[in-house]
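Enquirer: Return a 3D structure for these sequence lines:
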Amino acid sequence: MKLLERVPLLAWFLLGTLIIVVGGVILVSKLNLTQQPQDSKKPEKVSKSVEGTQDFDIVSREHVQSGTPVTSYTSNPPSSGPHWPNPANKGIYDNSLPDEQLVHDLEHGYIWISYKPGASDDVKNKLKEIVQKDAWKIILEPREKDDKLIGLAAWGRVLNLDNLDEKRIKEFISTYRNRGPEKTAD
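Expert: Take a look at the predicted model:
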């Protein structure tokens, strides 16, 4: 008799557990369906692109030996492609870092901001101020190879600017940050 009294309680417990497990499986499967496949040739979609940003096909995610120069990049600054195995630390740099190292940071969802070394102190200081206020996953450095005064790169995307446009720089950061194929905490 006591066993029969427990059956409804046990049944409710099992039913509740089943609902939680099934709900979890459905949630995980939906999240996996919305994530971009790691071998995708296109950058992750966004609801609204930042004006002037160019999307580039993903060239490669291959690691090459540190010190090996890569010449197969299809954008300037590079936005994907072969890269060194060790990424740079976030922050503001006074000297240029190797493109091959910074492409690894892009793969982790970083934003790479570069400027022509001859940029005015006002431009440099404003860029530094932007990064200091919001330093998560951002690297700032001078870069002689930039085509324009300022270059912004994210995984598969580049925005080149002839002048300082603080609004678009901040939009680029908020729109494209943490959209690389390898999500990392920092």
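Enquirer: List the residues that contact the residue positioned nearest the centre of the chain.
Expert: The centre of the chain sits closest to Gly109, judged by Cα atoms, centre = their mean, with a distance of 1.7 Å. Counting by Cβ atoms under 8 Å, 6 or more residues apart in numbering, Gly109 touches Lys137, Ala154, Trp155, Arg177, Asn178, Arg179, Gly180, Glu182, Lys183, Thr184. All C-beta atoms are positioned from the backbone trio N, CA, C, and that covers glycine.
Enquirer: Minimum pLDDT in those residues, which residue is that?
Expert: pLDDT across these is lowest for Lys183, at 81.
Enquirer: Contact partners for that residue?
Expert: His108, Gly109 are the contacts of Lys183 under Cβ under 8 Å, 6+ apart.
Enquirer: would it count as being in a helix?
Expert: No: assigned with DSSP: H, G, I helix; E, B strand; the rest coil, Lys183 falls outside any helix and is coil.
Enquirer: quick one on the thing from earlier: model confidence at the residue nearest to the centre of the chain, what's the number?
Expert: At Gly109, the pLDDT value in this model is 96.
Enquirer: The protein: strands as residue ranges?
Expert: Ranges of strands within the chain are 54-55, 91-92, 111-115, 138-142, 150-154, 157-161, based on DSSP state E.
Enquirer: I'd like these laid out as a markdown table, including distance to Glu100 and mean neighbour count.
Expert: Formatted as a markdown table, the strands of the chain follow (distance: least, Cβ to Cβ, whole Å; neighbours: other Cβ atoms under 10 Å):
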| stretch | distance to Glu100 | mean neighbour count |
| --- | --- | --- |
| strand 54-55 | 21 | 14 |
| strand 91-92 | 18 | 14 |
| strand 111-115 | 12 | 26 |
| strand 138-142 | 14 | 20 |
| strand 150-154 | 13 | 26 |
| strand 157-161 | 16 | 22 |
